[in-house]
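Engineer: this is a predicted model, with the sequence first.
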Protein chains: 2
Amino acid sequence: MILKNKLGGKRDKVPIIVQKYGGSSVADAERMKRVAARIIEKHGQGFQMVVVVSAMGDVTDDLIETAKRLSASPPQREMDMLLATGEQQSAALLAMTLCETGQPALSLSGPQAGVISDGVFGKARIRRIETERIRKELDEGKIIVVAGFQGLDDNGDVNTLGRGGSDTTAAALAIALQAEACEIFTDVSGVYTADPRFVPRARKLDSVSYDEMLEMASLGAGVLHPRSVELAKQFGMKLTVRSSFNNEEGTVVREEQNMPGELEKESLVCGVAKDLDVLKFTIFGVKDAPGQAAAIFSPLAAAQVNVDMIVQSGAANHLQDISFTTGKADKGKAVKVLECFIANAGAERYKIEENVAKLSIVGAGMISRPGVAAKMFGVLAETGCNINIISTSEIKISCIIEAEKAAAAAGALHTAFGLDAQ
Amino acid sequence: MILKNKLGGKRDKVPIIVQKYGGSSVADAERMKRVAARIIEKHGQGFQMVVVVSAMGDVTDDLIETAKRLSASPPQREMDMLLATGEQQSAALLAMTLCETGQPALSLSGPQAGVISDGVFGKARIRRIETERIRKELDEGKIIVVAGFQGLDDNGDVNTLGRGGSDTTAAALAIALQAEACEIFTDVSGVYTADPRFVPRARKLDSVSYDEMLEMASLGAGVLHPRSVELAKQFGMKLTVRSSFNNEEGTVVREEQNMPGELEKESLVCGVAKDLDVLKFTIFGVKDAPGQAAAIFSPLAAAQVNVDMIVQSGAANHLQDISFTTGKADKGKAVKVLECFIANAGAERYKIEENVAKLSIVGAGMISRPGVAAKMFGVLAETGCNINIISTSEIKISCIIEAEKAAAAAGALHTAFGLDAQ
């Protein structure tokens, strides 16, 4: 690193590294100290360091538990106020741990770090980051520890960014600060072809494209918050996913490498994802008239329900069935909307299926190769799965199947698409 | 309460009540719900309610414990960042509990509530309160729950106000909002003539003057934060101290009632206080020259050491001994200052006594009655106490004695000054 140019005058810009440590990486004093040592080592290599932390271990779950004992449906604004404290605590504790080694460090809450969010409690998006304070403190030689997962809206209220939101804080900070790198430290060593807990033959990928990661992330692979990948893709920020418990290389998430040679190296499909956080709603007897779909999905959007897959069956007697899926947490809000829709005679009835899973295969390679979907359906048939809903994108195919068959089916797909280790 | 005047036009001002609930009053879900019921009852009587809360039960101690596992001497800025989360959590949880009953409520952190502090981490003072947000939310019919003990300084950093600082938040808010009343709810039923834990014959006072309370508060009686009484006195805000666990009347802290009749009713001395949080420093061989006291006490003040009593003995050989007392928490900082003073040949040596206590009697009545001090010294002599340092004010006499004799001596003083119940 060059601090001064040859004329000894103007100071060149010191490169910035953004690191993010998840809740399990800072769960206790021992781990917190290991994380501090890792940060100081990197700092010693000549980087300005901005570190984003999640709440320690089970702190967030404990706070949610406490809230539930007091309120059946606590206002989301107050939940955000409550949960934001978890990250603020770990930021302060990590800053102390760094200071203890003699290294100046400073914790900042999301609002103090200039993270401005859009005011949607519980699942806010970052609008922008005002980096003046961070830059000033960095230039004074401090390591900055930022509480992830939170921002301040225009009303002066604290918003949280949803589960995993600290990844997004890290990506947004890396972009705003034009960082050299954004390293996401977690409790796994990188991105795998499938969750090693249910597919033991899964192997770690050296690299994965933004689009593939995005599909993996939104499919419950759970390693990165989807919004962080979206942001990184939009601004071309390279993300590295690695473990805080070892020194393995990890997986680089970056722009698709468009060399045929590379495409051959990686297989057609780069991963299999299984998501159990799925609810399937079916609305029966929807009138076959213009505007009916909008009359269902506009109020769902207004109620902040994240709808994933949508299928509409062919009309019989001018009536249709419409199915869609959401995450389990949105059940209450979705039910309210549907009951209102049915009460207004928009449909006959609805049903909810809770015992379903979404199984997906992801791979940028599948665009150019026909037959991938057919092969997937064949494997699922062999495993005895009834396919319920199918949805495809250019780099992903997802099927809703019975939850209890999901693990076996994922393993079979992993083998069939040549992803098994060795 | 009159919401509209007789012409049905202009809306009269709704009276505001500020209540403060201490940590033991909101220590668990059951207590939190009882507190919510109490607040709603008062609100139903036609008041706008602003409620200040402390951290739940042991939360603050647990956070301090966690910090100590990571850092031997954590930076006070980071401690403030950490500890402020405790109050923020209980504010959010109490707001949820209120909302659960159908009553709109909103939690605000100290910074959000407009509490502006002076930037002294760990023991900040409130400079002013910007009440716009609170007033706006009150006018929308919400009960406001403010996280006590914290403010925002001009750098955008969180300051805490020191142990018991939530009382000060409540008093300051009551003053800024021109509240009708400021009720401090705690785990005791009011202000007693002595701590009932060590003087079983102690009785509750119906009222006490600001000055008496101030002396009691700063003497470790521990019911109210001294700064809150100072503020209340300065602005003539009446404080009521009462228990959140029963419906007893409590003690009113107010301006001295200057009627002779009342003075007779209350006795000469209104309370006996025992404070074990005392360190006695003695510096030997200080040169008998101008500026020596300043050379000791200016750096102590700069190091934020709260010096309480000071005694300077007569000079022998142009050398003096100077003794002073501080709280136990200031030991490290005071030692540094003294070592520096001695290294610069300002004195010969120093010693610290840790096994001491401060015993005080307080009463506005003693100004006009001679012999109170003599009577106190006599009682202490009978109890076998060596008096170490004496300090007197118009309404208080304090003595430093051996810690192990403090409880018995407090009981003897309580009896001798006619404070025993019945």
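Structural biologist: Perfect, I can see it now.

Engineer: what's near enough to touch residue A:138?
Structural biologist: Contacts were defined as C-beta atoms under 8 Å, 6 or more residues apart in numbering or on different chains; by that measure residue A:138 touches A:14, A:16, A:48, A:50, A:144. Placement of C-beta: from N, CA and C, glycine included.

Engineer: swap in residue A:212?
Structural biologist: By C-beta under 8 Å, 6+ apart, the contact list for residue A:212 reads A:270-271, A:362-364, A:395.

Engineer: now, the residues you listed that are in strands?
Structural biologist: Counting by DSSP state E, the part of those found in strands is A:271, A:362.

Engineer: please identify which of the contacts of residue A:212 is nearest to residue A:86.
Structural biologist: Taking C-beta to C-beta as the measure, residue A:86 lies nearest residue A:271 of the contacts of residue A:212, at 30.4 Å.

Engineer: got a list of contacts for stretch A:301-316?
Structural biologist: For stretch A:301-316, contacts defined as C-beta under 8 Å, 6+ apart pick out A:120, A:122-123, A:278, A:288, A:293, A:297, A:300, A:320-327, A:330, A:333-334, A:336-337, A:358, A:389-391, A:398, A:400.

Engineer: so where's chain A uncertain?
Structural biologist: Within chain A, the stretches falling below the threshold (pLDDT under 70) are A:1-12, A:217-222, A:257-267, A:314-316, A:367-368.

Engineer: if we go to 80?
Structural biologist: Within chain A, the segments meeting pLDDT under 80 span A:1-12, A:216-223, A:256-268, A:288-291, A:312-318, A:345-346, A:364-371, A:392-394, A:422.

Engineer: please identify the helix or strand for residue A:415.
Structural biologist: Residue A:415 belongs to helix A:406-416 when assigned by DSSP states H and E.

Engineer: what packs against that helix?
Structural biologist: Taking 3 or more C-beta pairs under 8 Å, 6 or more residues apart in numbering or on different chains; DSSP states H and E as contact, the helices and strands that helix A:406-416 lies on are strand A:271-275, strand A:356-362, helix A:372-382.

Engineer: give me the nearest residue to the residue of the stretch 301-422 of chain A found nearest chain B, chain neighbours excluded.
Structural biologist: Distance from chain B to each residue of the stretch 301-422 of chain A (C-beta to the nearest C-beta) is smallest for residue A:332, at 15.5 Å. The shortest distance from residue A:332 to any non-neighbouring residue, by C-beta to C-beta, 6 or more residues apart in numbering or on different chains, is to residue A:73 (7.7 Å).

Engineer: in the sheet, who's paired with the closest residue to residue A:176 other than its chain neighbours?
Structural biologist: Leaving aside its chain neighbours, residue A:176 sits nearest to residue A:129 (4.0 Å; criterion: C-beta to C-beta, 6+ apart). With beta bridges defined as DSSP bridges, residue A:129 has these partners: residue A:115.

Engineer: so how many other residues sit close to residue A:129?
Structural biologist: With neighbours defined by other C-beta atoms under 10 Å in any protein chain shown, the count for residue A:129 comes to 19.

Engineer: the one 4 residues further on now?
Structural biologist: Applying other C-beta under 10 Å, we find 16 other residues in the vicinity of residue A:133.

Engineer: just to revisit the earlier point, can you redo the helices and strands packed on helix A:406-416 as a markdown table with mean neighbour count?
Structural biologist: Putting these into a markdown table (neighbours: other C-beta atoms under 10 Å in any protein chain shown) gives the following:
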| stretch | mean neighbour count |
| --- | --- |
| strand A:271-275 | 26 |
| strand A:356-362 | 26 |
| helix A:372-382 | 16 |
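
Engineer: okay if I get those as JSON lines plus distance to chain B?
Structural biologist: Formatted as JSON lines, the entries for the helices and strands packed on helix A:406-416 read as follows, by distance: least, C-beta to the nearest C-beta, whole Å:
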{"stretch": "strand A:271-275", "distance to chain B": "30"}
{"stretch": "strand A:356-362", "distance to chain B": "32"}
{"stretch": "helix A:372-382", "distance to chain B": "44"}
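
Engineer: residue A:183: which of the ones you listed is closest?
Structural biologist: Of all the helices and strands packed on helix A:406-416, strand A:271-275 comes closest under C-beta to C-beta, at 20.9 Å.

Engineer: what lies in contact with the closest one?
Structural biologist: If you take C-beta under 8 Å, 6+ apart as the criterion, strand A:271-275 is touched by A:191-195, A:198-199, A:205, A:208, A:212, A:215-216, A:219-221, A:357-363, A:406-407, A:410, A:413-414, A:417, A:419.

Engineer: just want the angle from that strand to helix A:372-382.
Structural biologist: Here strand A:271-275 runs at an angle of 50 degrees relative to helix A:372-382 (axes from the mean of the first three to the mean of the last three C-alpha atoms, to 10 degrees).

Engineer: how many degrees apart are strand A:271-275 and helix A:406-416 in direction?
Structural biologist: With the same axes, to 10 degrees as the criterion, the two stretches strand A:271-275 and helix A:406-416 enclose an angle of 170 degrees.

Engineer: once you drop chain neighbours, what's closest to residue A:70?
Structural biologist: Using C-beta to C-beta, 6+ apart and skipping the chain neighbours, the partner closest in space to residue A:70 is residue B:97 (4.6 Å).

Engineer: so which strand or helix has that neighbour?
Structural biologist: With DSSP H and E as the criterion, the answer for residue B:97 is helix B:76-100.

Engineer: tell me how many other residues surround the residue nearest to residue A:70.
Structural biologist: Under the neighbour criterion other C-beta under 10 Å, residue B:97 is assigned a count of 28.

Engineer: same question, residue A:74
Structural biologist: Taking other C-beta under 10 Å as the criterion, the count of residues near residue A:74 is 20.

Engineer: now it. Nearest residue, chain neighbours left out?
Structural biologist: For residue A:74, the nearest residue in space outside its immediate sequence neighbours is residue B:96; the separation is 4.1 Å by C-beta to C-beta, 6+ apart.

Engineer: same question, residue A:117
Structural biologist: Once flanking residues are discounted, residue A:117 sits nearest to residue A:151: 2.9 Å by C-beta to C-beta, 6+ apart.

Engineer: what bridges to that neighbour?
Structural biologist: Residue A:151 has the following beta-bridge partners by DSSP bridges: residue A:159.

Engineer: quick check: the gap between it and residue A:84.
Structural biologist: Noted for residue A:151: a distance of 9 Å to residue A:84, by C-beta to C-beta, to the nearest Å.

Engineer: and for those two, which residues touch both?
Structural biologist: Residues touching both residue A:151 and residue A:84 comprise A:110, A:158, with contact defined as C-beta under 8 Å, 6+ apart.

Engineer: pretty sure residue A:392 contacts residue A:374?
Structural biologist: No - using C-beta atoms under 8 Å, residue A:392 is not in contact with residue A:374, being 11.6 Å away.

Engineer: so the residue of the stretch 301-422 of chain A closest to chain B is in which element?
Structural biologist: Assigned by DSSP H and E, residue A:332 belongs to helix A:331-343.

Engineer: list the buried residues in that helix.
Structural biologist: Of the residues in helix A:331-343, those with enough neighbours to count as buried (16 or more other C-beta atoms under 10 Å in any protein chain shown) are A:333-334, A:337-338, A:341-342.

Engineer: swap in stretch A:183-197?
Structural biologist: When burial is assessed from 16+ other C-beta under 10 Å, stretch A:183-197 yields the following buried residues: A:183-186, A:188-195.
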